[in-house]
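S.K.: have a look at this prediction, sequence included:
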Amino acid sequence: MEQPVLLFGWFRWDILVEYKDLFWQGAWMTLRMTVVCVLLGASWGLCLALARLAQARHAPWTWLTRVFLRWPATVYVSFFRGTPLFVQILLIHFAVMPVFIHPSTGLLIDGDLARTLKQEHGALISGVVALTLNSAAYISEVFRAGIQSISRGQFDAGRSLGFSPAQVMRYVVLPQAFRRMLPPLGNNAIALLKDTSLVSAIGLAELAYAARTVAGAYARYWEPYLAISVVYWVMTLVLTTLLRRLEHRLARSDRG
Amino acid sequence: MNSLRRALALGLAAASLTFGAQAQAQNRELTVASSATYAPFAFENKDKQIVGFDIDIINAIAKQQGLKIKVVNTPFTGIFGALNNGDVDLVISGVTINEKRKQSYDFTPPYFAARQLIALPKNSTVTSLKDLTGKKIAVVSASTADDIASREFGKTSPNIRRFESTPLIISELAGGGVDAAMGDNGVIAYRVAQHAELKTLDDKSFPEEGFGIVVKKGDKALLDKLSAGLAAIRADGSYVTIYKKWFNKDPNVR
């Protein structure tokens, strides 16, 4: 193994090389988690935002939308924004999941399927569920703010052209709101990418898990944590660049 | 002339400072790291005090040797890092003495005889460590069990699941997330006793090991005091009293 002595004579490349499989698997896991959770979180977040904005004009619909849509969505968002993600991950993995998926006592799935699911993908499922539920709460606020930022006149204009409320949302409000929502959505995606590191607490082999394992085995901290810092940084840079391109394209199409 | 006097005065001041520091080092408070998720060896009670067998042992040794100590709760994964950094002076945290660790740290003679123990679901057909090949196994990060599993199944094997503490590996096993959990006998037996659906497996191939108190490599003065203190509390019977208090039986070594 060639060691670049000039700068980092003390830097033990060999232990990174020894654990390189774990780092590669970890990076791949982090990337997949982020993509899946961004997509699921955005979908669920949009549902939540629409539930929070739901309005009806006539009884009993006014009452029903309030009790079954607006209030639950508000409580949900406040809970997931108001408690630490780390706590949510542990709660979901060690408390909620075993109730539904358990080899002998699972309410939803039990038996061999539950065993296989839990053993092959248990931490991944819990991690994805926790991150999705959490990020959806934040994303729903972005959507809500975005939608509310479009002036009431746009909605009325759409209605007067004969669009239904749903059509106004789809063709008039959301396209305009989306451009304003893009930067905060990007922030959310970057936060999510970094938050995946918390899932190492439940034994999911992502990047932070790889670093923790190496640090534990050698009691060395520079090498593993600097290495994963660089990987996270590169990932967020790529994400930032992609988002900036998308923003520019949307701005261009808007002008022209 | 003037500058010479100043230099002299400065030198004197510096000398007295170093002397003062040395004198203080003689009986300054020693910081002890222990990971308090390791009942019955070290855990936090409801008053947020760290208690357990390890804690009683180190307190008895400190008292015997006239050392002032303060125990700080440190996650096991970071415990050797804390010792390396000088954040703590010694570690007592169910640390198994082994050759690899002896290269980097110094150990007292064993104060507890330990073996590895495997926890399994009651209906498991596993009868030895070898049977766990290809199965998922939970261990505490950087523990002896982690070392054994890494050696047996490969350091980067996806079948090894590493967690921060023993309660988590037992929870993961009880939740059906892994086929087995492995750790030191004292804690595994203690935790499995709380779960009716689990059992333990003692693989005869596991070597007899011991827990030792850890100091920085070369910290001979402290190591000698700790070893002497340990020998003394064994001799005067206080060791047996502490052992019975936590394990309800007579010591299994000497």
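M.R.: Yep, that arrived.

S.K.: list the contacts for residue 206?
M.R.: If you meant another chain, say so; for now it's chain A. Contacts of A:E206 were listed using C-beta atoms under 8 Å, 6 or more residues apart in numbering or on different chains, and they are A:26, A:29-30, A:33, A:196-197, A:199-200. Where you see a C-beta, it was placed from the backbone N, CA and C, and this is true even at glycine.

S.K.: switch to chain B, please.
M.R.: Listed by C-beta under 8 Å, 6+ apart, the contact set of B:F206 reads B:115-117, B:129, B:148.

S.K.: surely it is in a strand?
M.R.: No. Remark: B:F206 does not belong to a strand; assigned using DSSP: H, G, I helix; E, B strand; the rest coil, it is coil.

S.K.: follow-up on the earlier one: ok, the contacts of B:F206 vs chain A, which is closest?
M.R.: Nearest to chain A among the contacts of B:F206 is B:I148, at 12.6 Å by C-beta to the nearest C-beta.

S.K.: thought that closest one was touching B:G183?
M.R.: No. The criterion here is C-beta atoms under 8 Å, and B:I148 misses it with B:G183 at 10.2 Å.

S.K.: got the residues of the stretch 151-254 of chain B near chain A?
M.R.: By the rule C-beta under 8 Å from any C-beta of the partner chain, the part of the stretch 151-254 of chain B lying against chain A is B:155-156, B:158, B:161-164, B:168, B:171-172, B:174-179, B:197.

S.K.: are any of these buried, and if so which?
M.R.: Listed as buried from those are B:155-156, B:161-164, B:168, B:171-172, B:174-179; burial here means 16 or more other C-beta atoms under 10 Å in any protein chain shown.

S.K.: return the subset of those lying in helices.
M.R.: B:168, B:171-172, B:174 (DSSP state H).

S.K.: how about the closest residue to chain A within the stretch 101-250 of chain B, secondary structure?
M.R.: Per C-beta to the nearest C-beta, B:A142 is where the stretch 101-250 of chain B lies closest to chain A, at 2.9 Å. Secondary structure state of B:A142, per three-state DSSP, is coil.

S.K.: which ones are touching it?
M.R.: Taking C-beta under 8 Å, 6+ apart, we find B:A142 in contact with A:213, A:215-217, A:219, B:76-77, B:80.

S.K.: restricted to helices, list these.
M.R.: Short answer: those in helices (DSSP H) are A:213, A:215-217, B:80.

S.K.: the spatially most central residue of chain B: what secondary structure?
M.R.: Centroid check for chain B by C-alpha atoms, centre = their mean gives B:S93 as the closest residue, at 2.1 Å. Of the three states, B:S93 takes coil under three-state DSSP.

S.K.: what does B:T200 give?
M.R.: Following three-state DSSP, the label given to B:T200 is strand.

S.K.: that one touches B:I118, doesn't it?
M.R.: Yes. With contact defined as C-beta under 8 Å, B:T200 counts as touching B:I118 (6.7 Å).

S.K.: which neighbours do those two share?
M.R.: Residues touching both B:T200 and B:I118 by C-beta under 8 Å, 6+ apart: B:I188.

S.K.: picking up where we left off before, between the contacts of A:E206, which is closest to chain B?
M.R.: Closest to chain B, out of all of the contacts of A:E206 and judged by C-beta to the nearest C-beta, is A:S200, at 8.5 Å.

S.K.: helix or strand for the nearest residue to that closest one once chain neighbours are set aside, which one?
M.R.: Closest residue to A:S200 apart from its sequence neighbours, by C-beta to C-beta, 6 or more residues apart in numbering or on different chains: A:Y209 at 3.8 Å. Assigned by DSSP states H and E, A:Y209 belongs to helix A:207-218.

S.K.: buried stuff in the helix or strand just after that helix?
M.R.: Next along the chain after helix A:207-218, taking DSSP H and E as the criterion, comes helix A:222-255. Within helix A:222-255, the residues scored as buried using 16+ other C-beta under 10 Å are A:223-224, A:227-228, A:231-232, A:235-236, A:239, A:243.

S.K.: tell me who's in contact with the residue of the stretch 151-256 of chain A found nearest chain B.
M.R.: Proximity of the stretch 151-256 of chain A to chain B (C-beta to the nearest C-beta) peaks at A:G216, 2.9 Å away. Listed by C-beta under 8 Å, 6+ apart, the contact set of A:G216 reads B:77, B:141-142, B:146, B:162.

S.K.: same check, this time on A:G26
M.R.: A:G26 neighbours (C-beta under 8 Å, 6+ apart): A:205-210, A:228.

S.K.: in the helix or strand hosting it, which residues are buried?
M.R.: If you go by DSSP H and E, A:G26 is part of helix A:20-53. In terms of neighbour count (16+ other C-beta under 10 Å), helix A:20-53 has its buried residues at A:22-23, A:25-27, A:29-31, A:33-34, A:37-38, A:40-42, A:44-46, A:48-53.

S.K.: give me the mean pLDDT for that helix.
M.R.: Helix A:20-53 shows a mean pLDDT of 95.

S.K.: so how far is that helix off the chain centroid?
M.R.: Remark: helix A:20-53 is offset 4 Å from the chain centroid, using C-alpha atoms, centre = their mean, to the nearest Å.

S.K.: ditto for stretch B:49-67
M.R.: In this view, stretch B:49-67 has its centroid 13 Å away from the chain centroid, taken as C-alpha atoms, centre = their mean.

S.K.: give the buried residues for it.
M.R.: By 16+ other C-beta under 10 Å, the buried positions in stretch B:49-67 come out as B:50-62, B:64-65, B:67.

S.K.: sitting in strands, which of these do you find?
M.R.: B:50-51 (DSSP state E).

S.K.: and the buried residues of stretch B:49-67, which of them are in helices?
M.R.: Of the buried residues of stretch B:49-67, the ones assigned to helices by DSSP H are B:53-62, B:64-65.

S.K.: a markdown table for those, including pLDDT and distance to B:R101?
M.R.: Below are these laid out as a markdown table (pLDDT from 0 to 100; distance: C-beta to C-beta, whole Å):
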| residue | pLDDT | distance to B:R101 |
| --- | --- | --- |
| B:F53 | 96 | 20 |
| B:D54 | 97 | 17 |
| B:I55 | 97 | 21 |
| B:D56 | 97 | 23 |
| B:I57 | 97 | 19 |
| B:I58 | 97 | 18 |
| B:N59 | 97 | 24 |
| B:A60 | 97 | 24 |
| B:I61 | 97 | 20 |
| B:A62 | 97 | 23 |
| B:Q64 | 95 | 25 |
| B:Q65 | 95 | 23 |
